[in-house]
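Undergrad: quick one: sequence plus predicted model below, questions after.
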Amino acid sequence: MDLSKYKKQIPERIYKEISKRGFKTLRPCQTKSIKAGLFNDKNLLVCTPTASGKTLVAELAALNAIYHDSGKAVYVVPLRALASEKYKSFKKDYPEIKVAISIGDIDSSDSYLERYDLIITTSEKFDSLIRHHTPWLQSVKVVVIDEIHMLNDVSRGPTLEVVITILRQVLPKLQLIGLSATIGNPEELAEWMGAELVLDKWRPVRLEKGVYLDGVVEFV
């Protein structure tokens, strides 16, 4: 969908920012997220295939929190390596935004993060920051949970569930954005999050299914 068709629904500064980055069209999950209330601070659960455009949904939510709501954005990922990757990506794509990464000692409040607009962290580290009553928490307007299906993970799931639960209690006006390509019960999870569910099957490369037998693949 042509980006210009959504100009009135996207805050002016954010529209200019993504246009400057070269975006001319929006993918289905992005247009559906906008219609579902992305820029109206609605909680969203975005369940679409890999490479379908979920990351831009997260970026738009972060930009809205920083530019429009004059607050902070927190991007939560399950692994330190992924946190480092996202940190480098955001630093490169949005040089004017103060981006920080917090994945170190989980038993610290990292008070220096108060100076930053966007904070990339893991669920374990974010849990520690919350428990240390970090002073900047009240400035957080949106929290993006990448790979939110990790709620079902035996080791990391409980911590992530606690983080989301506490956030909804201490920040009742917080916007939560959950992202995943693999959720078996999206309707139930969206209800638990109090979120609008964004579903779409579009992917940039068509996925073909087939059966391999005796050196031959038969597509079904």
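TA: Now that the structure is in, tell me what you want to look at. Residues are numbered from 1 along each chain as shown.

Undergrad: count of residues packed around the nearest residue to residue 179 once chain neighbours are set aside?
TA: With sequence-adjacent residues excluded and distances taken as C-beta to C-beta, 6 or more residues apart in numbering, residue 179 is closest to residue 54, at 4.6 Å. (C-beta placed from N, C-alpha, C; glycine too.) A count of nearby residues for residue 54, using other C-beta atoms under 10 Å, gives 26.

Undergrad: go on, residue 148?
TA: For residue 148, using other C-beta under 10 Å, the count is 27.

Undergrad: let me know whether it touches residue 190 as I believe.
TA: No: between residue 148 and residue 190 there is no contact under C-beta atoms under 8 Å: 10.4 Å.

Undergrad: need the overlap of contacts for those two.
TA: Shared contacts of residue 148 and residue 190 (C-beta atoms under 8 Å, 6 or more residues apart in numbering): residue 45.

Undergrad: geometric centre of the protein: which residue is closest?
TA: For the chain, the residue nearest the mean C-alpha position is residue 144 (3.4 Å; C-alpha atoms, centre = their mean).

Undergrad: mind listing what's buried in stretch 25-38?
TA: Buried residues in stretch 25-38, counted by 16 or more other C-beta atoms under 10 Å: 26, 27, 28, 29, 30, 31, 32, 33, 34, 36, 38.

Undergrad: and those, which is closest to residue 178?
TA: Within these, proximity to residue 178 (C-beta to C-beta) peaks at residue 33, which comes in at 11.4 Å.

Undergrad: checking the closest residue in space to that closest one that isn't next to it in sequence next. Helix, strand or coil?
TA: Nearest non-adjacent residue to residue 33, counting by C-beta to C-beta, 6+ apart: residue 57, 4.7 Å away. Residue 57 falls in the helix class when you classify it by DSSP: H, G, I helix; E, B strand; the rest coil.

Undergrad: show me the contacts for residue 57.
TA: By C-beta under 8 Å, 6+ apart, the contact set of residue 57 is 29, 30, 33, 38, 44, 46, 177, 179, 198.

Undergrad: what about those, which are in helices?
TA: Counting by DSSP state H, the part of the contacts of residue 57 found in helices is 29, 30, 33.
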